[in-house]
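Undergrad: Pasted the sequence and its predicted model underneath.
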Amino acid sequence: MKKRSGPVVQGISRAPARALLHACGYTPGQLDDNSFIGIANSYSDIVPGHIGMHRLLRGVELGIAAGGGTPMSFGVPAICDGVAMGHAGMFYSLPSRELIADTVESMTIAHGFDGLVLLTNCDKITPGMLMAAGRLDIPAIVITAGPMHSGRLAGRPLSLVRDTFEAFNKAERGLITEDELHEMEREACPGLGSCQGLYTANTMACVTEAMGMSLPGAGTALAGFAEKERLAYDTGLAACRLVAEDVTARRIITDASIRNAIRMDMALGGSTNSCLHIAAIAYEAGLDIDLHVFDELSGDTPQISHLRPGGDYMMEDLHWAGGIPGVFSVLADKLDDNITVSGKTIAEIAADGCVTDSDVIRSLDNAYRPEGGIAVLRGSLCPDGAVIKQSAVSDKMRKFRGKAVCFDSEEDALEAIIADTIPDGSWAIIRYEGPRGGPGMREMLNPTATLTGMGKEDSIGLLTDGRFSGGTRGPCVGHISPEAAAGGPLALVQDGDEIAIDLDAGTLDLLVDDAELARRKQDWQQPQAKITTGWLARYARTVQSASTGAIMK
């Protein structure tokens, strides 16, 4: 097989390149005889999900060396959404996905890697790396660094969202003391790993395994445990095999694997952000996936697990109950068979899987819900679609009609929520926060967590062209498309307008007659861009609708 690294190091004219690589410590044998395996390493000192990657990197490198490859590590940026939440940093979170994909592409082509190991973990880093794999179509495999173990306080399990984001408002209202809040914040995150529930990072880790792009068990094996280090070694070995057999990313990322990924998300009740990320990964792999597919598969996939934020189980419970192979074993008759980076097919992995706790991973006839965890909505407020994590919505709010209270930024909405000036029975509208209008489609965990902390998740709904954290609970509809900055119906909503949602019917409607909306449309003016300098200004000019996955063209 002709090596992709050949043009970099083969022939007398490549002596300068070889000299530079010798300066890095590579031997002639490593350059002449071995495949170059690039390791996209998103290690960071300031992201809990990534602080343990040094040991995993060593395991990957040892596996590559044992497999006859030459490991070559390079850095990739990583933003912690929890740290970036609620201030200007969140403008950069979703756009960083594109930077990551572009970085991996640039390093891979510039240095002629024969294959890739994608060492990742958190929210936008994993999809960004998968987008690059689909775009490059070379042998590639993902190793996610693993979820964090739950915290403990007086024997009670803790997690980031429920015990910090939702708790700070309780302290403000005097329901807990400030000292109790500080005690929870010290204990909620006991160490390395991605946040403990089925938030976006862990959703994407599970989705990646279901897609066939990581080894069985990799999506749920806990950070800091020896099992994860063994998986890192096996990932390095597998990367060399994929190169030797020329199994490229697009042989694995297919229509079948994308459908399996979506079905897994629905069965687990994962983050709505997956609708953005899976669509973008499919696009980069040359596939055409839209919200209709999410809607179709949600209707045909019972939710068989109930992790935080909607439920009380943690990622550790899912792993010990059987992990993704265990879920595969339950969904076996609904899966599309496909090859995976492990060398096994999806059907073979499902046959090997087993469930050891039938409440953490339930059977189809004893599911938590008859449909998937995410619902796709259509209607006069969202002609191109919107999404909601229905697994985190109470039964009483599945059909809801209320009056709009409009805000043109997250900050204004949060101020009103904290001041408790939004009447019960209302919809809080947070607009001009979409991919273009934000720019960057900020996550709104602070408003949603504050409402939950105030006990209002069953009395006030949120509607936005931005997006919500995987930790969100309650009737919170995001990704409303077209977005307000593009002149979508959300831009035309006025205080007091009635809006109706019906999750069973899959509808979200603005109850204003067409003639009035046409009049408002004539009066509407394109708002001035919030950010006019730097990379986000360029992003705002090229990013597409949330209904496309917020891809850039």
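TA: It's in. Numbering: from 1, shown residues only.
Undergrad: what's the burial count for Ala537?
TA: Ala537: 13 surrounding residues under other C-beta atoms under 10 Å. For glycine as for every other residue, the C-beta is placed from the backbone atoms N, C-alpha and C.
Undergrad: how close does it sit to Gly89?
TA: In this view, Ala537 and Gly89 are 17 Å apart by C-beta to C-beta, to the nearest Å.
Undergrad: just Leu160 next, same as before
TA: Distance, Leu160 to Gly89, by C-beta to C-beta: 17 Å.
Undergrad: Compare the two (neighbour count), which wins?
TA: Leu160 (25 against 14).
Undergrad: Gly470 is in contact with the more buried one, correct?
TA: No - using C-beta atoms under 8 Å, Leu160 is not in contact with Gly470, being 10.9 Å away.
Undergrad: which neighbours do the two share?
TA: Residues touching both Leu160 and Gly470 by C-beta atoms under 8 Å, 6 or more residues apart in numbering: Gly197.
Undergrad: if I read this right, Arg97 contacts Met131, doesn't it?
TA: Yes - counting by C-beta under 8 Å, Arg97 touches Met131, with 7.1 Å between them.
Undergrad: who touches both of these two?
TA: Contacts common to Arg97 and Met131, judged by C-beta under 8 Å, 6+ apart, are Ala280.
Undergrad: can you give me the helices for the stretch 401-550 of the chain?
TA: Using DSSP state H, counting those that start in this stretch, the helices of the stretch 401-550 of the chain run over 410-419, 445-453, 514-523, 534-542.
Undergrad: For Asp357, which of the ones you listed is the nearest?
TA: helix 445-453 (27.0 Å; C-beta to C-beta).
Undergrad: Point out the other helices and strands that the helix or strand of the chain at the bottom of the mean pLDDT ranking packs with.
TA: The helix or strand of the chain with the lowest confidence, counting by mean pLDDT, DSSP states H and E, is helix 168-172 at a mean of 82. Counting contacts by 3 or more C-beta pairs under 8 Å, 6 or more residues apart in numbering; DSSP states H and E, helix 168-172 packs against helix 178-187, helix 445-453.
Undergrad: now do 6 Å
TA: If contacts are counted by 3 or more C-beta pairs under 6 Å, 6 or more residues apart in numbering; DSSP states H and E, helix 168-172 sits against helix 445-453.
Undergrad: average pLDDT for the helix it packs on?
TA: Mean per-residue pLDDT for helix 445-453: 88.
Undergrad: before we move on, what about stretch 520-540?
TA: Mean predicted lDDT for stretch 520-540 stands at 94.
Undergrad: That stretch: end-to-end distance?
TA: One end of stretch 520-540 to the other measures 25 Å (C-alpha to C-alpha, to the nearest Å).
Undergrad: Identify the residues contacting that stretch?
TA: The contact list for stretch 520-540 (C-beta atoms under 6 Å, 6 or more residues apart in numbering) reads Phe91, Pro95, Arg436, Pro439, Ala491, Leu492.
Undergrad: which of the helices of the stretch 401-550 of the chain sits most buried?
TA: Compared across the helices of the stretch 401-550 of the chain, helix 445-453 shows the largest average neighbour count, a mean of 25 (mean count of other C-beta atoms under 10 Å).
Undergrad: what's near enough to touch the most centrally placed residue in the chain?
TA: What sits nearest the mean C-alpha location of the chain, by C-alpha atoms, centre = their mean, is Thr200, with 3.9 Å. Counting by C-beta under 6 Å, 6+ apart, Thr200 makes contact with Asp123, Ser271, Asn273, Gly470.
Undergrad: what sits against the residue lying closest to the second one once chain neighbours are set aside?
TA: Closest residue to Ser271 apart from its sequence neighbours, by C-beta to C-beta, 6 or more residues apart in numbering: Gly470 at 3.0 Å. Applying C-beta under 6 Å, 6+ apart to Gly470 gives the contacts Tyr199, Thr200, Thr203, Ser271.
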